[in-house]
Structure formats: C-alpha cells, structure tokens
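Engineer: 3D model of this:
(one chain, ligands or ions: 1)
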Amino acid sequence: MKEELEAIQTEVLQALKQINTQDQLESLRIEYFGRKGKFTDVMKGMGKLSKEERPILGKLANEVRSSLSDAFETAKTELDCKQQEQQLKAESIDITLPGRKPTLGKAHPVMQVLQRTEEIFMQMGFQVVTGPEVETEHYNFDALNTPPNHPARDLHDTFYLTDGHLLRTHTSPVQIRVMENQQPPVRIIVPGKAYRVDYDVSHTPMFHQVEGLLVDRHVTFSELKGVLVSFARQMFGAQTQMRFRPHFFPFTEPSAEVDISCTVCQGKGCRSCGHTGWIEILGAGAVDPEVFRAVNYDPEQVTGFAFGMGVERIANLQFRIPDIRTFYENDLRFLHQF
Ligand code: PHE
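Structural biologist: Okay, here's the model as predicted:
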C-alpha cells in the first residue's frame with residue numbers, strides 16, 4: 001500500500017506537468033480523487049490493515065493527499081495566469097473608437113417651469129408649501145365654499161376614492177390647510193399635482209398647478225394684479241400684457257380668469273391663441289368671506305387674494321408644444337429638447 005501511494009504521488013506530479021487546460025486538470029483530479037478515483041480506491045483498502053500499520057499508512061496517505069492538493073492548486077493558478085495572458089495577447093483595444101457618453105438626465109420641462117415659477121414668487125416674499133394629493137371632500141370642496149350639489153363635484157370631473165376621499169382636483173385645498181394652522185399674514189404659493197377626469201390636446205388626467213394665497217389687513221385686488229403682472233413679465237418677457245376677465249369661483253369673490261398676450265404672435269392673433277391674441281393662464285380672485293369663516297379668520301379684519309395657474313399651460317407657451325399630452329409620454333426624443 002505504501003508503494004501504491006508513492007506511485008500515485010509520482011504519477012500525478014508527472015501528469016500535472018502535461019496539463020494545458022482547466023478541463024484536463026479537472027479530469028485528472030477525478031481520475032485520482034473522484035469517487036471511483038485511484039487514490040480513493042487505495043484508501044478503501046485501509047480497513048484491511050493491521051492495527052500497527054494503520055496509523056503509519058494513514059499518516060502517509062494524508063501527506064500524499066495534502067501535497068497533491070497543493071500541487072493541483074498551484075497548477076490551477078498557473079493555468080489561470082496563462083489563460084489571462086493569452087487572452088490579453090489575443091485581444092486588441094481599438095483606441096480610435098469614440099468613448100461611450102453617459103446620458104445625463106435633466107429636469108422635465110414641466111419641472112423647469114415649476115422651478116422658475118417658485119423662484120419668481122419667492123423673490124416677491126412668498127413661501128413655498130405643499131399638501132396631500134389624496135384629499136377629503138371637506139378640504140377639496142366644502143371648506144372652499146363648494147357645496148355638495150355644486151357641478152364641480154360631478155363624477156365626470158373628480159376621481160373619487162373610497163370613504164369620502166378623492167384625488168384633489170386643484171391645489172386650493174392647501175389654502176385651507178395652511179390657514180387652519182397659521183394666523184394671518186399668510187403669503188404662500190403651493191406647487192403640486194392635481195387630478196381631473198379629462199384627456200385631450202390641452203388636458204391630462206394628472207397636471208400641475210401653482211396656487212397662490214395672500215392674506216393680511218387691507219389686501220386689495222390691485223395688489224393681486226400687481227403680483228400677477230410682475231410674475232408674467234418675468235416669466236414671459238417685459239412686453240407681456242395681461243387682462244382680467246370676470247369669472248366665477250366659489251372660493252373667490254370677485255373672481256377673474258387671467259389672460260396674457262399671446263407669446264407666439266405678441267397679441268396679433270395666430271393659431272396658438274385661436275386668433276384672439278390672448279391666452280388664459282390662471283384663475284384668481286379676492287378670497288371669499290365664506291372661506292375665511294371656514295378657517296376661523298374674521299372677514300371683517302382680513303382680506304386676501306388667491307390664484308391658481310396651470311403649469312403645463314405655461315410650459316406649453318414657453319416651449320410651444322401643440323399637444324400637452326406629449327409631456328407625459330416619456331419619449332426621450334421629446335424630453336431631450338429642453
Ligand atoms: N382652483 C381653481 C381651479 O383649479 C383656480 C383658482 C385658484 C381660482 C385660486 C381662484 C383662486 O380652476
């Protein structure tokens with residue numbers, strides 16, 4: 001048995017010198033150390049040895065096994081190195097190929113407009129606040145003087161959720177949330193998402209608004225005008241004209257829809273403005289006393305104004321996009337242009 005073990009050792013060491021691939025190395029290992037391998041076979045004979053011989057041969061067997069296992073390990077490392085060297089020699093790198101440019105992301109056009117809008121109002125001293133998109137009927141309608149039978153509550157316009165919740169149809173509920181928690185003066189803008197059941201060239205079911213609210217003593221409608229004109233001229237250019245058309249909102253009185261002179265034709269009339277020279281960008285008005293009562297403000301003591309504008313509308317004007325829905329199709333060819 002001693003001779004057999006020694007023979008195995010010499011054989012294997014010899015064979016290892018001839019090995020050229022990992023596959024050959026593995027077959028050699030199996031040939032000797034596999035379940036039916038030569039070394040394994042010899043070990044099976046151990047049982048038949050006498051008590052005196054067993055420890056001596058056991059020790060030898062262990063030495064052989066461990067020295068061969070080292071030899072296999074070394075052979076494997078050498079093969080790995082050889083393989084890598086060959087691969088490096090075979091591959092050539094074409095350094096004349098242009099590198100791969102990482103594609104850089106940037107702000108979505110709607111976000112760009114939103115950021116610019118925030119900047120302008122912050123410079124005028126407005127504070128930016130946000131509120132929840134899932135609202136209650138109370139904040140979205142009731143507290144805004146919009147009673148249960150009001151057409152704005154129509155199923156066709158509002159995404160109702162379960163147990164009295166809904167997706168806010170405008171950013172106005174944040175007016176209520178802020179006034180409930182803060183005494184006047186209030187001077188805030190509220191950028192955020194709003195939702196309505198609507199889908200065509202100028203409407204998407206999710207869209208963005210910026211709400212504005214200013215409450216203090218002796219706030220007047222002319223101050224509303226001043227703030228909005230200043231915003232529009234910074235946003236669309238110093239030549240921008242603005243007009244107020246009488247309108248109705250349950251939460252403002254008096255109310256107005258506000259147009260700016262068409263940015264495409266400067267008011268001469270073109271396709272973008274439906275040949276009127278004007279484009280509507282927001283709704284606004286003096287805060288209705290009922291709204292003040294809902295938040296326990298005294299309408300005898302304070303007055304205020306509020307406005308709400310459509311951000312996609314403004315992005316449309318800035319970038320001249322004919323179909324508002326393209327903002328949300330996530331087509332990189334479109335988005336990379338801004
Ligand atoms: N919330 C109104 C809308 O979505 C806009 C608005 C806000 C009008 C504030 C007046 C005052 O149409």
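Engineer: which parts of whichever strand or helix holds Glu3 are buried?
Structural biologist: Assessed by DSSP states H and E, Glu3 sits inside helix 2-18. For helix 2-18, the neighbour count (16 or more other C-beta atoms under 10 Å) marks 4-5, 8-9, 12, 15-16 as buried. (Glycine included, C-beta is placed from N, CA and C.)
Engineer: and what of stretch 328-335?
Structural biologist: Leu335.
Engineer: Give me the angle between the helix of greatest length in the chain and helix 2-18.
Structural biologist: Identified as the longest helix of the chain according to DSSP state H is helix 53-90. Per axes from the mean of the first three to the mean of the last three C-alpha atoms, to 10 degrees, the angle that helix 53-90 makes with helix 2-18 is 0 degrees.
Engineer: In terms of helices and strands, where is Phe187?
Structural biologist: In this structure residue 187 is Arg, not Phe. strand 186-195.
Engineer: could you check the angle strand 186-195 makes with whichever helix or strand comes after that strand?
Structural biologist: Remark: after strand 186-195, the chain's next helix or strand is strand 206-216, criterion DSSP H and E. Here strand 206-216 runs at an angle of 160 degrees relative to strand 186-195 (the same axes, to 10 degrees).
Engineer: what about the helix or strand that comes right after strand 206-216, near the ligand?
Structural biologist: Next helix or strand after strand 206-216 toward the C-terminus (DSSP H and E): helix 221-236. No - against the ligand, helix 221-236 shows no contacts by C-beta under 6 Å from any ligand atom, the least distance being 9.7 Å.
Engineer: Packing partners of helix 221-236?
Structural biologist: For helix 221-236, the contact count by 3 or more C-beta pairs under 8 Å, 6 or more residues apart in numbering; DSSP states H and E identifies helix 109-123, strand 206-216, strand 242-249, strand 252-261, strand 278-287, strand 303-310, helix 311-319 as packing neighbours.
Engineer: so what does the fifth one touch, helix or strand wise?
Structural biologist: Strand 278-287 is packed against strand 206-216, helix 221-236, strand 242-249, strand 252-261, strand 303-310, helix 311-319, with contacts defined by 3+ C-beta pairs under 8 Å, 6+ apart.
Engineer: Just send these back as JSON lines, with mean neighbour count too.
Structural biologist: JSON lines is the format used below for the helices and strands packed on strand 278-287 (neighbours: other C-beta atoms under 10 Å):
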{"stretch": "strand 206-216", "mean neighbour count": "22"}
{"stretch": "helix 221-236", "mean neighbour count": "18"}
{"stretch": "strand 242-249", "mean neighbour count": "15"}
{"stretch": "strand 252-261", "mean neighbour count": "20"}
{"stretch": "strand 303-310", "mean neighbour count": "23"}
{"stretch": "helix 311-319", "mean neighbour count": "21"}
